[in-house]
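K.L.:
Coordinates only, no sequence provided:
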Ligand SMILES: Nc1nc2c(ncn2[C@@H]2O[C@H](COP(=O)(O)OP(=O)(O)OP(=O)(O)O)[C@@H](O)[C@H]2O)c(=O)[nH]1
């Protein structure tokens, strides 16, 4: 490493790690947007609302489900440069496990209180978690732009219920930006820099982990002691497994790569770990060669509050349900499932959730997974082989190897109709491959119709034959004789149909009395 420990101490002095905590909808994500806008010097039209709520469900419901971290560079009024590592947390009680994990990476917390709602249940609960962790708290009254805001009354509530003095409480409107620069100054001047020893052995706390199809498990860490360089060999302390650090990065909020994480910093690492169980939240990472003797305290084990059993409608769907649950558990460490057997409903899964909203979110994510099952079925029908399936929060990318002959005809139309026009298709020619195809001829009254001779895959001989015979039967008018339609392969008939001859109608001239 090119930087010495004196330099690291100097850097550490200007790092501020903090989380934004509050009751649901009190304005955490909106305030994070303002911070990003000011620190990244963005104009109002360059910033999207709730930038850190990247999941599709978060955008639809307007709530934060997963805590998100972002690194911002802030230049204070005294021209000092600060590195802010901000974590936007969810406000709903079902996701309070995310809050406590996020706070363990911080030295301070911004407690947001809606000036129209006052102190609510999660305001108190989250504040207590932060105090228990001995974090410095900056209380902020938000939404003071609203006409029905009553700041004086809420300030009194904060004093009485939480015990914070009124002169410490800042006021702002995250929507208009009023009062936000003052909050940034307060963070720089009043929150503590991270504690920790850059010279001791590496101790990095795993705050969160999730699965990426390309990079494997991505681990969000806070470097408590020591430092971590790209390419170094690390050891996961609980499993003693050793991995090489392939990528190190931060969110700005874009995911970018950097070379190292210094003591006190928060960032992500990827080490080609295949299973999320290989890097569980709360675990400690150290260096393989210069190891720390002790692991960090970690987190309390999550206790599930709501249990529900999920059964597939037909036993054929058991494996695909299992795969979907597995994929969900890779991205949500607090979700649990195990196989269950019922006499009436057959094989299924018993699942544990943190609350009813958590259950609802998992159910919805599962249902969305099933929606792409129809597209998967179409690709399978077209003899496709799945190469990859990648989730990009709002989008899913399916990569298939499909014979060209299957997609040139009506594949795109069917894809569009299944997806109601939302799917897009891109393809490129890969290679020629020997296949089990046959030449199938259509014969009408012993005459081969050359124009209808076709090359068909062996699996589709009967489907193709039935289709062509039915079509011709409807098109050829009946004659005084039978018309025989056949399909044949190598002079062997594989299917046959007949257009029946017209018969004399002996009753046509008869009257009622005849
Ligand atoms: N008028 C006004 N509206 C605000 C202000 N701050 C946030 N809002 C609105 O309040 C709603 C909730 O804001 P969010 O930032 O999503 O709240 P949150 O605390 O992040 O919500 P969760 O993460 O789901 O707990 C949104 O409709 C915002 O536009 C403000 O200062 N003034």
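P.N.:
The structure has been received and is ready for your questions. It should be emphasised that the depicted structure is a prediction, and the values quoted were computed from it without experimental measurement.
K.L.:
The stretch 101-250 of the chain: strands as residue ranges?
P.N.:
108-114, 136-142, 170-171, 203-212, 216-225, 228-229, 233-236, 241-244, 247-251 (DSSP state E, counting those that start in this stretch).
K.L.:
just so I know, which of those strands lies nearest residue 426?
P.N.:
strand 203-212 (21.3 Å; C-beta to C-beta). Glycine gets a C-beta too; all of them are placed from N, C-alpha and C.
K.L.:
and the closest residue to the ligand within the stretch 301-450 of the chain, which of the three is it?
P.N.:
Proximity of the stretch 301-450 of the chain to the ligand (C-beta to the nearest ligand atom) peaks at residue 357, 10.3 Å away. Three-state assignment for residue 357 (DSSP: H, G, I helix; E, B strand; the rest coil): helix.
K.L.:
Give me the distance between it and residue 91.
P.N.:
With distances taken as C-beta to C-beta, to the nearest Å, residue 357 is found 11 Å from residue 91.
K.L.:
Name the residue in those two with the higher neighbour count.
P.N.:
More crowded of residue 357 and residue 91, by other C-beta atoms under 10 Å: residue 91, with 25 against 19.
K.L.:
dump the residue contacts of the more buried one.
P.N.:
Residues in contact with residue 91 (C-beta atoms under 8 Å, 6 or more residues apart in numbering) are 21, 22, 23, 24, 25, 26, 28, 63, 64, 122, 126.
K.L.:
Looking at the residues you listed, spot the one nearest residue 329.
P.N.:
The nearest one, if we look at these relative to residue 329 and count by C-beta to C-beta, is residue 64, at 20.3 Å.
K.L.:
Point out where the stretch 351-500 of the chain drops to low pLDDT.
P.N.:
Applying pLDDT under 70 to the stretch 351-500 of the chain flags the ranges 369-370, 391-395.
K.L.:
all helices of it, in order?
P.N.:
Assigned by DSSP state H, counting those that start in this stretch, the helices in the stretch 351-500 of the chain fall at 356-371, 373-381, 404-407, 411-418, 461-475.
K.L.:
Packed most tightly, which of those would that be?
P.N.:
Mean neighbour count (mean count of other C-beta atoms under 10 Å) peaks for helix 356-371 among the helices of the stretch 351-500 of the chain, with a mean of 16.
K.L.:
Would you mind pulling the contact partners of that one?
P.N.:
56-57, 65, 92, 94-95, 306, 308, 310, 321, 324-325, 327-328, 332, 334-335, 351, 353.
K.L.:
Just the buried ones from these?
P.N.:
When the contacts of helix 356-371 are checked for burial by 16 or more other C-beta atoms under 10 Å, the buried set is 56-57, 65, 92, 94-95, 310, 321, 324-325, 327-328, 332, 334-335, 351, 353.
K.L.:
which ones among these come in contact with the ligand?
P.N.:
Among the buried ones among the contacts of helix 356-371, not one lies near the ligand by C-beta under 6 Å from any ligand atom.
K.L.:
Lowest mean pLDDT across the strands of the stretch 101-250 of the chain, which one is that?
P.N.:
Among the strands of the stretch 101-250 of the chain, strand 203-212 carries the lowest mean pLDDT, a mean of 84.
K.L.:
And that one, what's buried?
P.N.:
For strand 203-212, using 16+ other C-beta under 10 Å, the buried residues are 203, 204, 205, 206, 207, 208, 209, 211.
K.L.:
try stretch 298-309
P.N.:
For stretch 298-309, by 16+ other C-beta under 10 Å, it's 298, 299, 302.
K.L.:
any idea which element residue 29 lies in?
P.N.:
Assessed by DSSP states H and E, residue 29 sits inside helix 28-39.
K.L.:
list the helices and strands that helix packs on?
P.N.:
strand 15-22, strand 68-75, strand 81-88, strand 108-114, strand 136-142, helix 180-190 (3 or more C-beta pairs under 8 Å, 6 or more residues apart in numbering; DSSP states H and E).
K.L.:
one more time with 7 Å, if that's ok
P.N.:
In terms of contacts (3 or more C-beta pairs under 7 Å, 6 or more residues apart in numbering; DSSP states H and E), helix 28-39 is packed against strand 15-22, strand 68-75, strand 81-88, helix 180-190.
K.L.:
Any idea how many residues pack against residue 25?
P.N.:
17.
K.L.:
Can you classify it by secondary structure?
P.N.:
coil.
K.L.:
and the residue nearest to it when sequence neighbours are not counted, how far is that from residue 341?
P.N.:
Leaving aside its chain neighbours, residue 25 sits nearest to residue 91 (6.6 Å; criterion: C-beta to C-beta, 6 or more residues apart in numbering). Residue 91 sits 38 Å away from residue 341, going by C-beta to C-beta.
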